[in-house]
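Chemist: please work out how this folds:
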Amino acid sequence: MKRINFNKFNSFYNLHELEANELITKTLQSGKYIRDKNTEILEQNLCTLCNRKFALTTASCTDAIFFALKTVGIKAGDEVILPSFSYIASLSPILMCGAIPVFVDIKPDSLDMNLDIVTNIITKKTKAIIFVQLFGNITDLSKLKEICANSNIFIIEDSAQSIGSKLNDIPCASQGDISCLSFDPTKIVSAYGTGGAVLTNNDTYYHKLQKLIHHGRNEQGEFDLLGYNSKISEVNAALINLQLNHLDEIITGIRDIAKKYIHKLNRIPEIQFVKSKSNCISTYHKFVIIAEKRDELKHHLNKNGIETRIHYTPLLHEQKLLRDFRHITHDLSASKEIKKKVLSLPIYPGLKNKEIDYICDCIINFYKI
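Modeler: Here you go, the predicted model:
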């Protein structure tokens, strides 16, 4: 068996090469490379997919989260609650605003923010909560909305990993005051480079976001706000639209891979799976197992030609950059325990059945089942 990579960013392109090349050629020949019809169609598609009134594309999801925080008025000294078990992009926009990150623990089974303890760490300085929809799952934020409404706290929904996911009638990126998406190459719908989007139902937020994304420019062409330059290219917008046209088949393919993993590995007592609601259509942005002897298993798989990843260690509150920033931590015992056990297995369109079988057989042999 040849080496199995953790990701293959060109898998969709290889399956849809002719369609993709036609779109690329047409866009390049048009001479319109930013802020044209492909981007307009993409933003409309995102509104439909996420049941949102407004969507704006950005250069990255990191930008989107930063703009969301700036839009709701987060400033120096404000406290923003977030999980420590997440990627750096959930944290860095807070620091860029001069705000104070406040780290909260996760649930040990679903690995997302533990909403049962959030009320205990809210202070008068708490201005926003960043809820991370993790690994392709969706959590119902009704309870968090009640907490925040009573305390005038904004919800920023980091939906970087959840595009295409659904919980009952709740689609991805639909629950925050402002929600954010990513089109990083690691995502199931991706730019061929980088990209993101910010979504809201609030007219005031939308108009401010429009300015922030385009140098602070208003409808009269005046620059009346300190803004930024954060755009997606027309080529990438066209390619993302193409993937959205095939979204159902992409999700079906990835979910089939996840089902095969679960079927083969669920008899191993040393392995647990990340819990999601039974009525959640997960897109499995990552297929994460919670494994005993994780480090030894990772070494065993690598020795047998299987690339895996660990998401996430160090935890955010352990990152070296925080030495220069004020931050607040609470009891993070579940996060500290889970970071020792999580292991992400390869999952992407084009992963073959024989490769899935080989990965599972290597894991089964390691635990001597």
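
Chemist: now do the strands in this structure.
Modeler: 54-58, 79-83, 100-104, 126-132, 154-158, 166-167, 170-171, 178-182, 196-200, 271-273, 280-281, 287-291, 328-329, 342-345 (DSSP state E).

Chemist: next, format the ones you listed as CSV and append mean neighbour count and mean pLDDT.
Modeler: All C-beta atoms are positioned from the backbone trio N, CA, C, and that covers glycine. Formatted as CSV, the strands of the chain follow (neighbours: other CB atoms under 10 Å; pLDDT from 0 to 100):
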stretch, mean neighbour count, mean pLDDT
strand 54-58, 24, 98
strand 79-83, 25, 98
strand 100-104, 23, 98
strand 126-132, 24, 98
strand 154-158, 25, 98
strand 166-167, 20, 96
strand 170-171, 19, 96
strand 178-182, 29, 98
strand 196-200, 28, 98
strand 271-273, 18, 97
strand 280-281, 19, 94
strand 287-291, 22, 98
strand 328-329, 16, 98
strand 342-345, 21, 98
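
Chemist: would CSV of those with distance to K303 be doable?
Modeler: Formatted as CSV, those follow (distance: least, CB to CB, whole Å):
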stretch, distance to K303
strand 54-58, 41
strand 79-83, 33
strand 100-104, 35
strand 126-132, 33
strand 154-158, 35
strand 166-167, 39
strand 170-171, 41
strand 178-182, 32
strand 196-200, 37
strand 271-273, 19
strand 280-281, 35
strand 287-291, 16
strand 328-329, 36
strand 342-345, 15
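
Chemist: to K368, which of the ones you listed lies closest?
Modeler: strand 271-273 (13.1 Å; CB to CB).

Chemist: roughly how far apart are the closest residue in space to Y13 that isn't next to it in sequence and D184?
Modeler: Spatial nearest neighbour of Y13, chain neighbours left out: A20 (5.5 Å); criterion: CB to CB, 6 or more residues apart in numbering. Distance from A20 to D184, counting by CB to CB, to the nearest Å: 18 Å.

Chemist: swap in N168?
Modeler: N168 sits 27 Å away from D184, taking CB to CB as the criterion.

Chemist: which one of these two has more residues nearby?
Modeler: D184 (20 against 11; other CB atoms under 10 Å).

Chemist: ok, now which ones touch the more buried one?
Modeler: Taking CB atoms under 8 Å, 6 or more residues apart in numbering, we find D184 in contact with 60-61, 160, 190-191, 194-196.

Chemist: repeat for S182
Modeler: Per CB under 8 Å, 6+ apart, neighbours of S182: 60-61, 64, 89, 160-161, 163, 195-196.

Chemist: distance between the ends of stretch 78-93?
Modeler: Stretch 78-93 has an end-to-end distance of 13 Å (criterion: CA to CA, to the nearest Å).

Chemist: how far is that stretch from where the chain is centred?
Modeler: 13 Å (CA atoms, centre = their mean, to the nearest Å).

Chemist: again with stretch 102-115
Modeler: Counting by CA atoms, centre = their mean, stretch 102-115 is centred 16 Å from the centre of its parent chain.

Chemist: CA atoms of that stretch as CSV?
Modeler: Only the C-alpha atoms of stretch 102-115 are listed here, as CSV (Å, rounded to 0.1, in the frame of the first residue of the first chain):
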residue,chain,number,x,y,z
VAL,A,102,-11.4,34.2,28.3
PHE,A,103,-11.0,30.5,27.9
VAL,A,104,-13.8,28.0,28.7
ASP,A,105,-13.8,24.2,28.8
ILE,A,106,-15.4,21.8,26.4
LYS,A,107,-17.7,18.8,26.8
PRO,A,108,-15.6,15.6,26.9
ASP,A,109,-17.9,13.8,24.4
SER,A,110,-18.9,16.4,21.8
LEU,A,111,-15.7,18.5,22.3
ASP,A,112,-17.5,21.8,21.8
MET,A,113,-17.9,24.6,24.3
ASN,A,114,-19.6,23.5,27.5
LEU,A,115,-22.6,25.9,27.7
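
Chemist: any buried residues in it, and which?
Modeler: Within stretch 102-115, the residues that count as buried by 16 or more other CB atoms under 10 Å are 102-108, 110-115.
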